[in-house]
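1. Okay, sequence plus prediction incoming.
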Amino acid sequence: MADVKLFDSDVFSSLKRDAELSPRRRANYNVHEHYDDVVQRLFIAMMPDSYVRPHRHTQAHNWEFFMVLEGSIDILFFDDDGCLTKRVTLQAGGECCGLQIPPLTWHATVCDAPVIFMEVKQGPYDANEDKGFADWAPQEGSREVTQFLGKLKHAKIGTSFFPIKG
């Protein structure tokens, strides 16, 4: 019989430490054992200065599920032209703590304090086919990221992010 996997405060504390030390300012703990598993399950710790480039999952069957366990996170939704169409705050123990994103939906995440959330999505995972990044958002690591992330954090519905202004 396989061992039961426990996800306790030690796991989450370690995950937060890993995120703090990561150049990307986030870290994940995979529950699934292989990238070819049909269901991908992972915990993610994210720091407030982590940049998640707006993207969409390009395969028509790839939905994505989020559930916040500690802290809060905003999920931002965009149209094809880079206009913010919806903003949802997920908060651990709050009125809304989770959501499911349909396939082919432009989205990004931002937070103002460290957050831990669970992500579940359909597998298998192939890094080359998983995401299509928005051409109206700067690439991770570029000099425009800090300013763009600040704009994302304070954006109101109707804010346009196209074209990129450097």
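-> Looks like it came in fine.
2. just how off-centre is the lowest-mean-pLDDT helix or strand in the chain within its chain?
-> Within the chain, no helix or strand scores below strand 131-133, which has a mean of 88 by mean pLDDT, DSSP states H and E. When C-alpha coordinates are averaged (CA atoms, centre = their mean, to the nearest Å), strand 131-133 and its chain have centres 12 Å apart.
3. Give me the buried stretch members for that strand, please.
-> Using 16 or more other CB atoms under 10 Å as the burial criterion, none of the residues of strand 131-133 qualify. All C-beta atoms are positioned from the backbone trio N, CA, C, and that covers glycine.
4. same thing with stretch 12-20?
-> Neighbour counts over stretch 12-20 (16+ other CB under 10 Å) mark 12, 15-16, 19 as buried.
5. Likewise for stretch 108-127?
-> 108-111, 114-123, 125.
6. Send me that stretch as CSV with only the CA atoms.
-> As requested, the backbone C-alpha atoms of stretch 108-127 are provided in CSV (Å, rounded to 0.1, in the frame of the first residue of the first chain):
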residue,chain,number,x,y,z
ALA,A,108,-2.5,36.5,-14.7
THR,A,109,-2.1,36.5,-10.9
VAL,A,110,-0.9,39.2,-8.5
CYS,A,111,-0.7,39.4,-4.7
ASP,A,112,0.2,42.0,-2.1
ALA,A,113,1.5,39.6,0.6
PRO,A,114,2.9,36.0,0.4
VAL,A,115,0.2,33.5,-0.6
ILE,A,116,-0.1,29.8,-0.9
PHE,A,117,-2.6,28.2,-3.2
MET,A,118,-3.4,24.9,-4.8
GLU,A,119,-3.6,24.5,-8.6
VAL,A,120,-5.2,21.6,-10.3
LYS,A,121,-5.2,21.2,-14.1
GLN,A,122,-5.6,18.5,-16.7
GLY,A,123,-2.5,16.7,-17.8
PRO,A,124,-0.3,15.6,-19.2
TYR,A,125,1.9,18.7,-18.8
ASP,A,126,4.1,19.7,-21.7
ALA,A,127,6.0,23.0,-21.1
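7. What strand or helix carries the spatially most central residue of the chain?
-> Nearest to the mean C-alpha position of the chain, by CA atoms, centre = their mean, lies residue 109 at 4.9 Å. Residue 109 is part of strand 106-110, with elements assigned from DSSP states H and E.
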